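*Asks:* coordinates for the following, if possible.
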Amino acid sequence: SIWLPSLSVWDVDAGAELFRQSGGRVLEAPADVEGRGRMAVVEDPQGAPLVLLRSSAGDPADGRPARHQWLWTDLFTTDAAAAVDFYRRLAPYDARTLEAADGVPVTVLVSSGKARAGVVQMPFKGVTPNWVPYVDVADLDDTIRSAVQSGGTLLIRVRDAAVLADPVGAAFGVQARPADEKGGAS
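*Replies:* Now for the predicted structure:
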């Protein structure tokens with residue numbers, strides 16, 4: 001089980017073809033989905049699946065997500081440098097490598113001056129590359145406790161963030177941002 005994030009692209013068909021030509025796979029061919037737009041399910045060359053999407057409603061405006069909404073997505077992968085090169089061919093990203101709190105470098109993909117996603121060298125052996133979406137939470141400790149009591153598993157915790165697995169094993173992240181980072185109370 002996995003959570004499948006969406007990547008907004010101008011041309012889903014061309015994006016799917018890029019995945020195919022670059023050693024990835026097209027798991028579900030481009031198709032129009034009523035009320036959603038054109039989409040395809042693809043897998044990058046290292047095996048991380050995601051959805052390519054051209055939304056019929058257009059992309060949402062850039063802004064800070066409200067509490068309890070999707071906040072961020074990290075790609076945990078077996079070759080971070082190759083993944084960054086691949087995704088920079090797909091979209092016009094700048095790449096900035098930062099040192100994370102736990103000493104693991106994170107490459108941030110940036111477009112239009114906004115950080116869009118992170119790429120992290122897989123810290124675990126035997127784990128398939130995958131995208132991990134994060135939700136903004138008010139209290140990290142309470143969220144972890146509630147998730148574990150509901151059948152989830154804590155996989156990793158670093159300062160203000162954690163990666164959990166839901167009861168069927170799909171990994172997702174939670175992060176508690178200070179009030180000044182979310183633009184006030186929500």
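*Asks:* and D59, how many residues sit next to it?
*Replies:* 9 (other Cβ atoms under 10 Å). C-beta coordinates here come from the backbone N, C-alpha and C atoms, glycine included.
*Asks:* pretty sure it is touching S8, no?
*Replies:* Yes - between D59 and S8 there is a contact under Cβ atoms under 8 Å: 5.2 Å.
*Asks:* residues in contact with the worst-scoring helix or strand of the chain on mean pLDDT?
*Replies:* One helix or strand of the chain scores below all others by mean pLDDT, DSSP states H and E: strand 94-99, with a mean of 86. Contacts to strand 94-99, defined as Cβ atoms under 8 Å, 6 or more residues apart in numbering, come from residues 84, 88, 105-111, 119.
*Asks:* are any of those buried, and which?
*Replies:* 84, 106-109, 119 (16 or more other Cβ atoms under 10 Å).
*Asks:* nearest to V51, of those?
*Replies:* L109 (16.6 Å; Cβ to Cβ).
*Asks:* isn't the closest one right up against R116?
*Replies:* Yes - the pair L109 / R116 is scored as a contact, 5.0 Å apart, by Cβ under 8 Å.
*Asks:* which residues are common contacts for those two?
*Replies:* Common contacts of L109 and R116 (Cβ under 8 Å, 6+ apart): Y93.
*Asks:* any idea how far L154 lies from I144?
*Replies:* Distance, L154 to I144, by Cβ to Cβ, to the nearest Å: 6 Å.
*Asks:* I should have written R157 there, sorry.
*Replies:* Going from R157 to I144 by Cβ to Cβ gives 7 Å.
*Asks:* so who does the residue most central in space within the chain touch?
*Replies:* By Cα atoms, centre = their mean, the chain has its centre lying nearest to T73, at 2.5 Å. Applying Cβ under 8 Å, 6+ apart to T73 gives the contacts 5, 117-118, 131-134.
*Asks:* again, but for S22
*Replies:* 45, 86, 89.
*Asks:* try F124
*Replies:* Counting by Cβ under 8 Å, 6+ apart, F124 touches F76.
*Asks:* can I take it that it is in a strand?
*Replies:* No - counting by DSSP: H, G, I helix; E, B strand; the rest coil, one finds F124 to be coil, located in no strand.
*Asks:* what values do phi and psi take at it?
*Replies:* Note on F124: backbone dihedrals following degrees, to the nearest 10 are phi -120, psi 140.
*Asks:* can you tell me how far it is from G58?
*Replies:* 37 Å.
*Asks:* now V108
*Replies:* 24 Å.
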